[in-house]
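Could you look at this predicted model? Sequence included:
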Amino acid sequence: MINITLPDASVRQFEAGVSSMDVAKSISEGLARKVLAAKVNGQVWDASRPINTDASLQLLTWDDTDGKSTFWHSSAHLMAEAVESMFPGVKFWVGPPLDNGFYYDMDLGDRKITEEDLAALEKKMHELARQNNVYIRKEVSKADAVQYFTEKGDEYKLDLLQNLEDGNITFYTQGQFTDLCRGPHIPATGSIKAIKLTNIAGAYWKGDEKNKQLTRLYGVTFPAQKELDAYLLMLEEAKKRDHRKLGKELGIFTMDEDVGPGLIMWMPNGTVIIEELEKLAKETEEEGGYKRVVTPHIAKESMYLTSGHLPYYADSMYPPMELDGEKYYLKAMNCPHHHKIFAAEPRSYRDLPLRIAEYGTVYRYEQSGELFGLMRVRCLHMNDAHIYCSKEQFKQEFMAVNDMYLKYFKIFGVDKYVMRLSLHSPEKLGVKYVNQPELWKETEEMVRNVLIESKIPYVEVQDEAAFYGPKIDVQIYSVIGREFTLATNQVDFSQGRSFKLHYTTQENTSETPIIIHRAPLGTHERFIGFLLEHYAGKLPVWLAPLQVKILPISDKFIDYATTVKATLRKLGVRTEVDDRSEKIGKKIREAELSRVPYMLVVGEKEMNEGKVSVRRQGKGDMGMISIDVFAGDIKNEIANRIAG
RNA sequence: GCCACUUUAGCUCAGCUGGUAGAGCAACUGAUUUGUAAUCAGUAGGUCGUUGGUUCGAUUCCGACAAGUGGCUCCA
């Protein structure tokens, strides 16, 4: 007999060789039907796999993340079975679960899957699911596995096998489909009830663009149709707050084929948001001891050779223009210009830390396939600044930058983000990163310590550093789930040397400053794209392009409306009057749809009493108050940048 | 850049297997003077992304290019 410890700490005894499914059945049939897999001593196992020793056991269902992953992984196998039946001879690479579904990469040879095939594939998957085929696990020797896939002619699985150890190789079979797979899987295909193949895409083999491109088929499945329906509804809701859709509806920005891809034109409404953000940044930076500078959009090649950008970054820069035998580049970053400002005067330790800031316009020649609404563009306005400091000052300065982020995030109510400590990859020294192994080690340690000391939760990721040093990136997700770096805080131990920057120390020696590159508000483009989605277009009053719309009940009250407008305008409140001969219901509807935070309805009563009827966007009628009270309230709301 | 898809009026979208186009909203004109999410009537608006080809004839079929979109690679 063995002891099985359940999550509630209760211990039950079973014969050795009992499966998780048997344990589930002993608890209740209903539970057994829901079990997808089990966590045995912390490892996710097939529910049918025998347990031979004392163990802790957690039964996994659809409600567990690991249960969902197993379900989707098994769904990927089901999809592969359907694909193989329709496209005999297809070769498979890998088919992992995702946060929301799964994919499988495959080589279809000369054939291709079209969108019309998806419906047929879904139908086939349903058919195979209904057969309720059991997922059978089988341990195989490496020799047998190699033989199997050699006969099948599948070089991709053979490639996977190369890196696997003999004695540690398993096959899974369901129905007619056998795959090399470490598992685990759900008991049988029957629990996959709702199936949606979402899209077809290309994906480079092993993620390397030099390799062959495989076909990647994405899908998502659920144990019940209503869950799929809910998921699809959620996707539709998400699309409604997509910044590209909102940006068009609200007149924030536009793009034009004749201007060029990834080049944003900010319309008047968008420009108001930009100006408010810059005002916030200027105030905050002034408090933080920053000085503002302005630099040109172009510079000579020699500067980018000095900075070291050209070897690492040339592909992302617009090609140079030649003038008088000199090459000029559009700047892709502001740092070299700022370094020249540092170098323009002799600096002493008394000048440090020197913090210079600029909302710099930079141009990056992003690959055409990468462009995405406002989130990924070719002309961007960075909330940029560079801090030149001594090694001793570094920690305090770096922490102050982190504090600035957190201050901003509080104002905007940003809470869904991941702080990422982005480190270099030693094997790419000299290729993607400056070749200074010791400095990398030292600086990464410095940054990590700041995070630990500030008690900021973070994740560490390799191979995401800037070429000149490690950084902290703030990762956010667009409504369609794409990940972006919103803000960044970077350490640079390299450019100070390449620009021969130095300052005189107290001991009259010469030192090179450490440089911090930071952009807590990222770029206007990405930040505003993010804000539109974050607020679903309902910007807080201080950011709203139009803050108050006055809606006269009829033409007779336009004069009164105009005096109300003048009062508010005097206080700097962005106000308009809807003076069309429309019914009040229509004026309200359109004002609501354009997300004006405050609507003031004025008619007979209001005019006679010198009042306004306040309607808050999304909240409805708030009642009648005097103009002065309303003006005082909104002024306060704007001045304090109150959210929502 | 690579794989796939999309492109019809200002916007959202119809237009079956080839016979040069329609709706709603917006715009404009007129009537209406309205009390918290769409008043009524009329008018105007499109070389169907661009460009080659097939065809008696192309918005429709095929190719190239451009832009956009979903991914991959890359990145704020």
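Yes, it's here.

Lowest average confidence across helices and strands of chain A, where is it?
In chain A, the helix or strand scored least confidently by mean pLDDT, DSSP states H and E is helix A:309-313, which has a mean of 82.

Any chance you could list what contacts it?
A:301, A:304, A:317, A:332-333, A:336, A:432, A:467 (CB atoms under 8 Å, 6 or more residues apart in numbering). Using the backbone N, CA and C atoms, a C-beta is placed for each residue, glycine as well.

What segments of the stretch 301-450 of chain A are helices?
Remark: helices assigned in the stretch 301-450 of chain A by DSSP state H, counting those that start in this stretch are A:301-307, A:309-313, A:335-343, A:391-412, A:437-453.

right, and those helices - which one's nearest A:Glu592?
Evaluated over the helices of the stretch 301-450 of chain A, closeness to A:Glu592 peaks at helix A:391-412, with 23.0 Å, by CB to CB.

What are the boundaries of the strands in the stretch 51-200 of chain A?
Assignment of strands within the stretch 51-200 of chain A using DSSP state E, counting those that start in this stretch yields the ranges A:55-60, A:91-92, A:97-98, A:101-107, A:136-140, A:169-174, A:177-180, A:194-204.

Tell me which of the helices of the stretch 301-450 of chain A lies nearest to RNA strand B.
Smallest distance to RNA strand B across these (CB to the nearest atom of the strand): 8.5 Å, for helix A:309-313.

How about the residue of the stretch 51-200 of chain A found nearest RNA strand B: which residues does it bridge to?
Closest approach between the stretch 51-200 of chain A and RNA strand B, counting by CB to the nearest atom of the strand: A:Asn199, at 4.1 Å. When bridges are taken as DSSP bridges, the partners of A:Asn199 come out as A:Tyr218.

measure it to A:Leu235 for me?
Computed as CB to CB, to the nearest Å, the A:Asn199 to A:Leu235 distance reads 12 Å.

of the two, who's got more company?
Shown here are A:Asn199 and A:Leu235; by other CB atoms under 10 Å, A:Leu235 has more neighbours (15 against 11).

moving C-terminal of the helix or strand containing that one, what's the next helix or strand?
A:Leu235 is located in helix A:225-240, with elements delineated by DSSP states H and E. Next helix or strand after helix A:225-240 toward the C-terminus (DSSP H and E): helix A:243-249.

could you say what helices and strands that next one packs with?
With contacts defined as 3 or more CB pairs under 8 Å, 6 or more residues apart in numbering; DSSP states H and E, the packing partners of helix A:243-249 are helix A:524-534.

Direction included, what does whichever helix or strand comes after the helix it packs on pair up with?
Proceeding C-terminally, helix A:524-534 gives way to strand A:548-552 as the next helix or strand, assigned by DSSP H and E. Strand pairing for strand A:548-552, determined by DSSP bridges: strand A:575-577 (parallel), strand A:598-602 (parallel).

correct me, but A:Leu6 touches A:Leu57?
Yes. The criterion here is CB atoms under 8 Å, and A:Leu6 meets it with A:Leu57 at 6.1 Å.

These two - which one has more neighbours?
The residue with the greater number of neighbours, taking A:Leu6 and A:Leu57 and applying other CB under 10 Å, is A:Leu57; the counts read 20 against 14.

Which residue, neighbours along the chain excluded, lies closest to that one?
With CB to CB, 6 or more residues apart in numbering as the criterion, A:Leu57 has its nearest non-adjacent residue at 5.0 Å, and that residue is A:Ile4.

For A:Ala631, see how far away the residue nearest the centre of chain A is.
Centroid-nearest residue in chain A: A:Glu483, 2.1 Å away (criterion: CA atoms, centre = their mean). In this structure, A:Glu483 and A:Ala631 are separated by 43 Å, where distance is defined by CB to CB.
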